[in-house]
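**Student:** Here is a sequence together with a model predicted from it:
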Amino acid sequence: MKVSDIMTANPVCISDKASIKDAHLLMQNRGVRHIPVISEEDGTFVGILTHKRMIASVITLLNKYGSGALERRERLAEISTITETDTEKLDQDEPLSIVVEYFVDNKLGCLPVIDDKNKVIGIVTSSDFVKLCAKLLQQG
């Protein structure tokens with residue numbers, strides 16, 4: 001099996017110029033915990049915004065400015081300030097046997113699937129591996 005067999009194709013992405021509030025709402029409305037961040041200029045992959053980073057950022061803003069100013073501060077802060085840019089990327093043809101080891105060894109929640117033009121074509125999350133495991137267990 002390979003990455004393309006379990007990835008979520010065409011995942012929800014967000015511009016690197018979006019605010020933390022925009023990302024916060026997108027995560028809530030779409031029920032996702034990982035969002036690939038793409039360049040506003042050319043749509044290429046910039047990094048990943050994780051739910052964990054989002055929560056940490058909101059708590060920091062809350063502690064620093066208080067609940068009354070939280071929404072305004074979230075709207076003023078660009079997600080580029082909390083985007084993880086030093087992340088591994090996957091190719092859709094990469095074998096899952098290699099990818100699963102990388103997930104386990106590095107305790108990752110997701111990895112983006114990128115094409116040869118550095119465009120996001122999918123995302124693989126730890127949930128995708130759990131779903132695959134459930135499917136294999138039902139078959140066996």
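**Tutor:** Sure, I can see it.

**Student:** alpha carbons only for contacts and neighbour counts from here, please
**Tutor:** Noted.

**Student:** Which parts of this structure are helices?
**Tutor:** Applying DSSP state H to the chain gives helices spanning 3-6, 20-30, 51-65, 70-76, 96-106, 126-139.

**Student:** measure Arg30 to Lys117 for me?
**Tutor:** Taking Cα to Cα, to the nearest Å as the measure, Arg30 falls 26 Å from Lys117.

**Student:** any idea which residue sits dead centre in the chain?
**Tutor:** His34 (2.8 Å; Cα atoms, centre = their mean).

**Student:** Contacts only, for the nearest residue to Thr83 once chain neighbours are set aside.
**Tutor:** Counting by Cα to Cα, 6 or more residues apart in numbering, Thr83 lies nearest to Leu49, which is 4.9 Å off, once chain neighbours are set aside. Each residue near Leu49 by Cα atoms under 8 Å, 6 or more residues apart in numbering is listed here: 34-37, 79, 82-84.

**Student:** what bridges to Leu49?
**Tutor:** Beta-bridge pairing for Leu49 (DSSP bridges): Ile35.
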